[in-house]
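Enquirer: no FASTA, just this:
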Ligand SMILES: Nc1ncnc2c1ncn2[C@@H]1O[C@H](COP(=O)(O)OP(=O)(O)OP(=O)(O)O)[C@@H](O)[C@H]1O
Ligand SMILES: O=P(O)(O)OC[C@H]1O[C@H](OP(=O)(O)OP(=O)(O)O)[C@H](O)[C@@H]1O
């Protein structure tokens, strides 16, 4: 039995569609059901942010999650395959009429992604105060809460509509197929076979 944590939300439909293609079956979790068993696979329906936690603690052997979340969580997991969908970047956003300069003693940066942000600025030895927010990040520079933001940019529309612009890309992200380390060693053959099927379903070699 292999347990796979699939995300709800933005990359939920693409994840389901991919596994439906492989299993040639419609995946129906039902209105509020969180576990689905198909053949000798068990699928869990969890939040994107929680996928690495399930897989790290081996409550799931495998999972699908955005690379941004994987980087932010920093857990030791096996990255098996880039699935390609859910493409976006993690970028620094500033006001449209400003330039990205680092000549003040410190900058205030609003973000959901504290760890990615801390690591980025500390590697560059730029002193920052990180302001943790849970949403509507683009608002922060507009009301003086922060000098800049670190946030997801997909179409760029949210920044644009709020008078901001992406000034620097920290990383590119897309959905990844991941594994728990122990599961990978214990069930390597089955996991690699599934990885191969996913790659073929995506049109790769
Ligand atoms: N516009 C976007 N905003 C946020 N994430 C995006 C966007 N476009 C693509 N993504 C990708 O989709 C993934 C899932 O995003 P989603 O908003 O569903 O979940 P989340 O906010 O990370 O977590 P949770 O489901 O726990 O709220 C992200 O990790 C990111 O990789
Ligand atoms: O480049 P775009 O296509 O405009 O997408 C980027 C926006 O989408 C996400 O916000 P979300 O919709 O998750 O809202 P929230 O951050 O307020 O929860 C992200 O945090 C950006 O604000």
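Expert: Looks like it arrived, so ask away. All figures in this text were calculated on a predicted structure; none of them were measured in a lab. Ligands and ions are numbered 1, 2, ... in the order given.
Enquirer: tally of neighbours for residue 44?
Expert: Residues near residue 44, counting by other CB atoms under 10 Å, number 20. For the C-beta atoms, the positions are set from N, CA and C on the backbone; glycine is no exception.
Enquirer: Who is it paired with across the strands?
Expert: Taking DSSP bridges, one obtains residue 5, residue 35 as the residues bridged to residue 44.
Enquirer: That one touches residue 6, doesn't it?
Expert: Yes - Residue 44 lies in contact with residue 6 (CB atoms under 8 Å); the separation is 6.8 Å.
Enquirer: elements contacting the biggest helix by length in the chain?
Expert: Longest among the helix segments of the chain by residue count, using DSSP state H, is helix 188-201. Counting contacts by 3 or more CB pairs under 8 Å, 6 or more residues apart in numbering; DSSP states H and E, helix 188-201 packs against strand 2-7, helix 12-23, strand 78-82, strand 175-179.
Enquirer: Can you list the buried residues in it?
Expert: By neighbour count with 16 or more other CB atoms under 10 Å, helix 188-201 contains the buried residues 190, 191, 194, 198, 199.
Enquirer: Longest strand in this structure, by number of residues?
Expert: Ordering each strand of the chain by length in residues (DSSP state E) puts strand 164-173 first.
Enquirer: do it and ligand 1 meet?
Expert: Yes - against ligand 1, strand 164-173 shows contacts by CB under 6 Å from any ligand atom at residue 173.
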